[in-house]
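**Q** everything below, folded, please.
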Amino acid sequence: MGYTKKDKSLIARGRKQYIYTEDDWTGQRTIVGCYCAICGRKFSLADLEVDHIKPRSKRGSEKPSNLQLVCPRCNKEKGSRTKRQTTAAKRKTTTTKRKGSTASRKRR
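**A** Reported below is the predicted structural model:
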């Protein structure tokens, strides 16, 4: 499903992921950029992708409460996993030691 700029701005406002500027004359707020929900880096609204917090493959809904804006890199990395599964997978890969490292070999 394709999401329009208006849809993305509604999701950003619901999740409080936006950066806005206020016009001095009218007092109207306009969204300038948004934060990625996973890595926290700043992006323009057009660059971010809509992601399901609970993936549709795991019976996640299309409700706005299940949607968030993420950068393409984080969206690809997350895939069809939940946020909890993604962080667990990261921890698992970073804490494992490689076999045959020089520190574990005996010196002769």
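
**Q** show me where the protein has strands.
**A** All strands of the chain, identified by DSSP state E, fall at 18-22, 29-35, 42-43, 49-52, 67-70.

**Q** so what's the closest residue to Pro72 other than its chain neighbours up against?
**A** Nearest residue to Pro72, sequence neighbours excluded (C-beta to C-beta, 6 or more residues apart in numbering): Glu49, at 5.7 Å. All C-beta spots, glycine's among them, are computed from the backbone N, C-alpha and C. The contact partners of Glu49, taken as C-beta atoms under 8 Å, 6 or more residues apart in numbering, are 69-72, 75.

**Q** in a markdown table: these, plus pLDDT and distance to Arg81.
**A** Shown next, in a markdown table, are these (pLDDT from 0 to 100; distance: C-beta to C-beta, whole Å):
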| residue | pLDDT | distance to Arg81 |
| --- | --- | --- |
| Leu69 | 93 | 18 |
| Val70 | 93 | 13 |
| Cys71 | 93 | 16 |
| Pro72 | 94 | 16 |
| Asn75 | 90 | 11 |
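
**Q** so what touches stretch 24-41?
**A** By C-beta under 8 Å, 6+ apart, the residues outside stretch 24-41 that reach it are 8-9, 12-13, 15, 17-23, 42-45, 48, 51, 68-71, 73-74, 78, 83, 86.

**Q** pLDDT (mean, whole number) over stretch 12-30?
**A** Across stretch 12-30, pLDDT averages out at 79.
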